[in-house]
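**Q** I'd like to go over a predicted model; first the sequence, then the structure.
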Amino acid sequence: MRSKWSVGLTTVLIAVVALTGLALAQDTRTETVKFKRGASSTSIEDSITGYEAVTYLVGVTAGQRMSVQLDTDNTSNYFNITAPGASEALYNGSIDGNSTSFVIPSSGAYKIDVYLMRNAARRGEEANYDLTISVEGKAAASKPAPGKPAPDFADGLAGGPDYWQVHGLARGDTLNVRASASSSASVLGVIDEGDIIRNLGCKMNGATRWCRIEDQTGLNGWVSGKYLHESTRNPSPSRPATPPPSSQPPVSAADGVPVALMPRFCTGEASAKFGVRPQDITSNAAFKSGKLYVSQGYFDGSSGTTFFNCYFKGDGTFIAVN
């Protein structure tokens, strides 16, 4: 299908980094998004097949708000957003869903990568999609207006305190700090009941509120907001960082899935097998069982909860989901 709007099209060949969850692209093209005069949004109608991917470049200015939504007929079709010069995506659709809206932190050309997850790409599946992009608002002023306080850094989701205190964990439990706002994201470390942590802003992922935090050791990541309560005092002196509960060794096969990404890959395979949206599936961290790695998961349906296991060889090669 042809685009509904005017873009500049340049064909390029790039390798998409495997750790982002994108398929290893063999046919990637780049398009520069240009809004019509007086318009603040545009809609792109296009399709990709297998290992094809499209990178859309959008020029924006710090302080503006960019909203992106992907409507697709393939449940393994997602988009990532990467800031100019960044090595990692600031938004990962396979974790956070196919719709986002955020204030631009720095000026430049942002990349919106539309792709198929590797499990769908290797089967040669097709995705027909509509990508809607809107950019609104004026650029942020270089300095706050005289007499007005600078905005609260914690206002990412309806405001919030400068510091949270962890409360509500069961006796002996710890709160996982994850790499992104998802229960299937890799664990960076843990924090304890009563810890006071800095609030870096919150957002919703489905029905769950996730908050980005930082503790006194520099541990920075996402935690479930249900265990966070406003703190009326400053953090206590720093304590040694608590490592993740289990190691995540590398894999040796060229096409092997890194242990940290096995839950995400498992979600894609389970979605294809059971016909369930990836955002409705929970896949847990992979663990070693004999010579294999296993990621256990589940999803709720009209007939109750379905549990499944994903199996990987020791070198990370995917075997099966059942």
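**A** Good, I have the coordinates.
**Q** quick one: the strands in the stretch 201-322 of the chain?
**A** All strands of the stretch 201-322 of the chain, identified by DSSP state E, counting those that start in this stretch, fall at 208-214, 220-224, 228-230, 282-283, 287-289, 292-301, 304-312, 318-321.
**Q** could you dump these to TSV with mean neighbour count, distance to Ser186 and mean pLDDT?
**A** The C-beta positions use only the backbone N, C-alpha and C, and glycine is treated the same way. Output for those, formatted as TSV (neighbours: other Cβ atoms under 10 Å; distance: least, Cβ to Cβ, whole Å; pLDDT from 0 to 100):
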stretch	mean neighbour count	distance to Ser186	mean pLDDT
strand 208-214	20	14	85
strand 220-224	20	9	87
strand 228-230	16	21	83
strand 282-283	22	12	88
strand 287-289	12	13	83
strand 292-301	18	12	88
strand 304-312	15	15	88
strand 318-321	16	18	87
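**Q** so, low pLDDT: which residues of the stretch 101-250 of the chain?
**A** By pLDDT under 70, the low-scoring segments of the stretch 101-250 of the chain are 138-160, 217, 232-250.
**Q** can you pull out the helices in it?
**A** Secondary structure of the stretch 101-250 of the chain (DSSP state H, counting those that start in this stretch): helices at 118-121.
**Q** for Glu40, give me its contacts.
**A** Actually, residue 40 is Ser rather than Glu. With contact set as Cβ atoms under 8 Å, 6 or more residues apart in numbering, Ser40 has these partners: Ser134, Val135, Glu136.
**Q** can you tell me how far the residue lying closest to it once chain neighbours are set aside sits from Ser67?
**A** With sequence-adjacent residues excluded and distances taken as Cβ to Cβ, 6 or more residues apart in numbering, Ser40 is closest to Glu136, at 5.2 Å. According to Cβ to Cβ, to the nearest Å, Glu136 and Ser67 sit 8 Å apart.
**Q** and for Tyr115?
**A** Separation of Tyr115 from Ser67 (Cβ to Cβ) stands at 20 Å.
**Q** between these two, which has more neighbouring residues?
**A** Tyr115 (28 against 15; other Cβ atoms under 10 Å).
**Q** who does the more buried one bridge with?
**A** Tyr78 (DSSP bridges).
**Q** surely it and Phe79 touch.
**A** Yes - contact criterion Cβ atoms under 8 Å: Tyr115 and Phe79 qualify, at 7.4 Å.
**Q** is it true that Asp173 touches His167?
**A** No - with contacts counted by Cβ under 8 Å, Asp173 stays clear of His167, the gap being 11.9 Å.
**Q** got any residues that touch both of the two?
**A** Residues touching both Asp173 and His167 (Cβ under 8 Å, 6+ apart): Glu193.
**Q** I'd like the next helix or strand past the helix or strand in which Glu45 is found.
**A** If you go by DSSP states H and E, Glu45 is part of strand 41-49. Once strand 41-49 ends, the next helix or strand along the chain (criterion: DSSP H and E) is strand 52-60.
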